[in-house]
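# Sequence plus predicted model, see below.
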Amino acid sequence: MNESNAIVLSVNISDGGIPKLPIEVGEVTPNGLVGDAHDHEKHSTPNQAICIIDQEDLDDLASEGYDLSPGATGENLTVQGLNADELNIGDRLRFSGGLELEITKMRKPCFVLDAIDPKLKQTIKGRCGCYGKVIAPAQIRAGETIDILQSTIAND
């Protein structure tokens, strides 16, 4: 296990599309956060149950002129200190409240971000986080710490 200083800053859901708005406590099932919906079927899969992005990336993008806050890009978990873009497929995240996720895919920007700014899709490449599937369902809330359990799978 890799001790980290990572922490959950915001848990976000929506009726579909962006932005997703912060909630106090989220109930995570194998299908994702209860009450969270997706406008596009491609996002409705247990392998993409939870989307994670780093607040540091949102801060950098905001300094570049984009109006972003937690949930703005459609992420379920806005975190700090995780470096989500550097995680590997197969890495596991264990949250202090009991939730455990396995990283399944790096997130690629899509046209939904055009609602924020048409240039954002290009600008955000390489810093828009990742998706995870649920290994151990649990409640999740802001303030939880995150431990990284690194995968032994070699990533190409």
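Received it, and whenever you're ready, just let me know what you need.
# where along the chain do the helices fall?
55-63, 120-123 (DSSP state H).
# what sits against Val11?
22-26, 33, 76-77, 140-142 (Cβ atoms under 8 Å, 6 or more residues apart in numbering). All C-beta atoms are positioned from the backbone trio N, CA, C, and that covers glycine.
# hey, where'd the strands end up in this protein?
Secondary structure of the chain (DSSP state E): strands at 2-13, 21-23, 25-29, 32-33, 50-54, 77-80, 92-95, 100-106, 130-136, 138-141, 145-149.
# Pull out the buried residues from the contacts of Val11.
With burial judged by 16 or more other Cβ atoms under 10 Å, the buried subset of the contacts of Val11 is 22-23, 26, 33, 76-77, 140-142.
# Spatially central, which residue of the chain would that be?
Ile52 (1.0 Å; Cα atoms, centre = their mean).
# residues touching Ala49, list them.
Ala49 neighbours (Cβ under 8 Å, 6+ apart): 28, 30-32, 101, 131-134.
# Now the one helix or strand in the chain whose mean pLDDT sits lowest: buried residues?
Using mean pLDDT, DSSP states H and E, strand 2-13 stands out as the lowest-scoring helix or strand of the chain, at a mean of 89. Buried residues in strand 2-13, defined by neighbour count with 16+ other Cβ under 10 Å: 6-13.
# next one: stretch 49-59
49-58.
# Over to stretch 100-112?
Neighbour count says stretch 100-112 has 100-104, 106-107, 109, 112 buried, by 16+ other Cβ under 10 Å.
# per-residue confidence at Ile124?
If you check Ile124, the pLDDT there is 97.
# Find the residue closest to it in space, skipping its chain neighbours.
Pro109 (5.0 Å; Cβ to Cβ, 6 or more residues apart in numbering).
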